[in-house]
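1. can't give you the sequence, but here's the structure:
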């Protein structure tokens, strides 16, 4: 059994198969060099029964600036410097979508208990 916590809402029904893809983002520094950062609680999550995808905006091509009361344009392709680091397929055994009151960074997170798929 694997427990995955995502910092976004992903209400996936128990029994559904899901695919998770974790990624890292590499960026060039101002003085040269490259840094890489992984976002372990923001996988790209796809419900394989319905095809519905859940994620943060971080993995995809997108507009750079948020305009009040307007959506950020988000593309279908991975953004510049984004590489998939690993994948997992499993079946949802338990799903809890939790609202966090009084925190400024995240206000919703999803806890998924997954039974890994066997090859």
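-> Sure, I can see it. Computed from a predicted model, the values in this text were never measured in an experiment.

2. where do the strands sit along the protein?
-> With DSSP state E, the ranges of strands along the chain come out as 2-6, 17-28, 34-38, 44-47, 53-54, 60-62, 74-78, 82-99, 108-116.

3. Need the winner for burial among those strands.
-> Most buried of those, by mean neighbour count (mean count of other C-beta atoms under 10 Å): strand 44-47, with a mean of 20. Placement of C-beta: from N, CA and C, glycine included.

4. What is that strand packed up against?
-> strand 17-28, strand 53-54 (3 or more C-beta pairs under 8 Å, 6 or more residues apart in numbering; DSSP states H and E).

5. Residue 94: which of these is closest?
-> strand 17-28 (12.5 Å; C-beta to C-beta).

6. Run the chain-centre distance for that closest one.
-> 7 Å (C-alpha atoms, centre = their mean, to the nearest Å).

7. With distance to residue 68 and mean pLDDT as added columns, please give the strands of the chain in JSON lines.
-> Output for these, formatted as JSON lines (distance: least, C-beta to C-beta, whole Å; pLDDT from 0 to 100):
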{"stretch": "strand 2-6", "distance to residue 68": "26", "mean pLDDT": "95"}
{"stretch": "strand 17-28", "distance to residue 68": "26", "mean pLDDT": "92"}
{"stretch": "strand 34-38", "distance to residue 68": "27", "mean pLDDT": "81"}
{"stretch": "strand 44-47", "distance to residue 68": "27", "mean pLDDT": "97"}
{"stretch": "strand 53-54", "distance to residue 68": "25", "mean pLDDT": "96"}
{"stretch": "strand 60-62", "distance to residue 68": "17", "mean pLDDT": "86"}
{"stretch": "strand 74-78", "distance to residue 68": "17", "mean pLDDT": "89"}
{"stretch": "strand 82-99", "distance to residue 68": "23", "mean pLDDT": "95"}
{"stretch": "strand 108-116", "distance to residue 68": "21", "mean pLDDT": "96"}
